[in-house]
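**Q** Requesting a structural model of the entry that follows:
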Amino acid sequence: MTDSDATSQLSIDGRAPTVLRVPAATDRLALVRGLVETALYIDDWALDDVIDAKVAVDEICSQIISAAAEDSSIELTLHLSPQGVVGEIRGELVGGVTLKQSTFGWRIVQTVTDTHTISYDEPLTDSESHGVVIRFSKFRR
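**A** Below you'll find the model as predicted:
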């Protein structure tokens, strides 16, 4: 299933998304985890689904942080709906680096999300770094 299919199936109802932007540093992962957990609990998600989403976001952010360009940030956007969540995580990677999808951590992301995609931006002319966007969805059970 593509992300556009997931988005249409989740019937995102026009509510404002939940957004967090933090420096791309490991000491900020607790903030990211806390946001995901709090947003989903407020939306009355089951414990297992909250843990799945939190683990997926944590792994994605950890991979971005490990390859992040100096002084860059991570931006997490969550679109919540009664059927589930569509998330987007943006970061900036050092030149020529891509995220490793063959790791155990990425296998976990594949297992606990319903859809996921990675796309890379072209490097800016004045910078060797390039952007990365990971989109995922998780349906409520």
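
**Q** Tell me how many other residues surround residue 111.
**A** Residues lying near residue 111 (other Cβ atoms under 10 Å) number 10. C-beta coordinates here come from the backbone N, C-alpha and C atoms, glycine included.

**Q** so is it in a helix, a strand, or just coil?
**A** When states are read from DSSP: H, G, I helix; E, B strand; the rest coil, the local structure at residue 111 comes out as helix.

**Q** what about it, distance to residue 21?
**A** Relative to residue 21, residue 111 is positioned 27 Å away (Cβ to Cβ, to the nearest Å).

**Q** Which residues lie in contact with the residue nearest to the spatial centre of the chain in this structure?
**A** The structure's the chain has its C-alpha centroid closest to residue 89; by Cα atoms, centre = their mean the separation is 3.7 Å. Listed by Cβ atoms under 8 Å, 6 or more residues apart in numbering, the contact partners of residue 89 are 57, 60, 61, 64, 74, 75, 76, 77, 133, 134, 136.

**Q** out of those, who's nearest residue 41?
**A** residue 57 (14.3 Å; Cβ to Cβ).

**Q** element containing that closest one, please.
**A** Assigned by DSSP states H and E, residue 57 falls within helix 47-66.

**Q** Remind me what that helix packs against, helices and strands.
**A** When contacts are defined as 3 or more Cβ pairs under 8 Å, 6 or more residues apart in numbering; DSSP states H and E, helix 47-66 packs onto helix 29-42, strand 73-81, strand 84-93, helix 104-112, strand 130-139.

**Q** Compare the ones you listed and give me the one nearest residue 48.
**A** Between residue 48 and those, the shortest gap by Cβ to Cβ is with helix 104-112, which sits at 9.6 Å.

**Q** how about the next helix or strand after that closest one: buried residues?
**A** From helix 104-112 onward toward the C-terminus, using DSSP H and E, the following helix or strand is strand 115-120. Residues of strand 115-120 classed as buried under the neighbour-count rule (16 or more other Cβ atoms under 10 Å) are 115, 116, 118.

**Q** Number of residues surrounding the nearest residue to the last one once chain neighbours are set aside?
**A** The shortest distance from residue 118 to any residue that is not its chain neighbour, by Cβ to Cβ, 6 or more residues apart in numbering, is 5.2 Å, and that residue is residue 134. Using other Cβ under 10 Å as the criterion, residue 134 is surrounded by 24 other residues.
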